[in-house]
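S.K.: how would this look folded up:
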Amino acid sequence: MNKRFLSLAITLLVLVSVTGMSASLAAPEDQTSPTSNKVVLTEVQKNEIANLYKDILEKKKLLLTKYVEYGVITEEKAVSIIAHFEGHYKELEKNGFVPNWDSQKGHRKHD
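M.R.: Numbers count the residues shown, from 1 in each chain. Next up is the predicted model:
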């Protein structure tokens with residue numbers, strides 16, 4: 001009887017723990033994310049971020065060039081990836097270098 005009681009107590013403890021954890025991990029629905037309000041950067045901030053992105057883009061291009069040189073990817077694939085990176089940069093530039101992390105591309109809200 002003692003083993004049965006102990007196993008029942010452990011089972012209940014695990015059940016309560018898992019139920020409590022899942023409830024605490026769920027985010028409140030009415031909470032807004034920090035990027036949902038419109039942030040407008042100053043020209044100095046935009047220039048600083050633009051320079052950082054340009055540096056990153058150049059490093060990524062250099063990395064892809066090395067991958068092509070070593071035969072890891074084809075030149076066509078590298079050109080495609082670079083075009084994607086440049087498109088991302090243009091989109092950021094269009095949005096004033098404020099990323100749109102809240103967009104739910106391809107995702108729909110569930111009822």
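
S.K.: and the helix ranked longest in the chain, what's buried?
M.R.: Of all segments of type helix in the chain, defined using DSSP state H, the longest is helix 43-69. Judged by neighbour count (16 or more other CB atoms under 10 Å), helix 43-69 contains these buried residues: 46, 49, 53, 64, 67, 68. C-beta: built from backbone N, CA, C; applies to glycine.

S.K.: now do the helix or strand following that helix: everything it contacts.
M.R.: Towards the C-terminus, the helix or strand next in line after helix 43-69, according to DSSP states H and E, is helix 75-94. Residues from elsewhere that reach helix 75-94, judged by CB atoms under 8 Å, 6 or more residues apart in numbering: 50, 53-54, 57, 60-61, 64-65, 67-68, 73, 98-99.

S.K.: try it again at 10 Å.
M.R.: Where contact means CB atoms under 10 Å, 6 or more residues apart in numbering, the residues beyond helix 75-94 that reach it are 46, 49-50, 53-54, 56-57, 60-61, 63-69, 72-74, 97-100.

S.K.: which stretches of the chain have low pLDDT?
M.R.: Using pLDDT under 70 as the threshold, the predicted model of the chain has low-confidence ranges 1, 5-9, 11-37, 103-111.

S.K.: kindly recompute the last result at 50.
M.R.: Confidence mapping of the chain against pLDDT under 50 gives the ranges 30, 35.

S.K.: could you dump the buried residues of helix 43-69 to CSV with distance to residue 10?
M.R.: Shown next, in CSV, are the buried residues of helix 43-69 (distance: CB to CB, whole Å):
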residue, distance to residue 10
46, 57
49, 53
53, 53
64, 54
67, 53
68, 58
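
S.K.: what is the nearest of those to residue 40?
M.R.: Compare each of these with residue 40 using CB to CB and the shortest gap goes to residue 46, at 9.4 Å.
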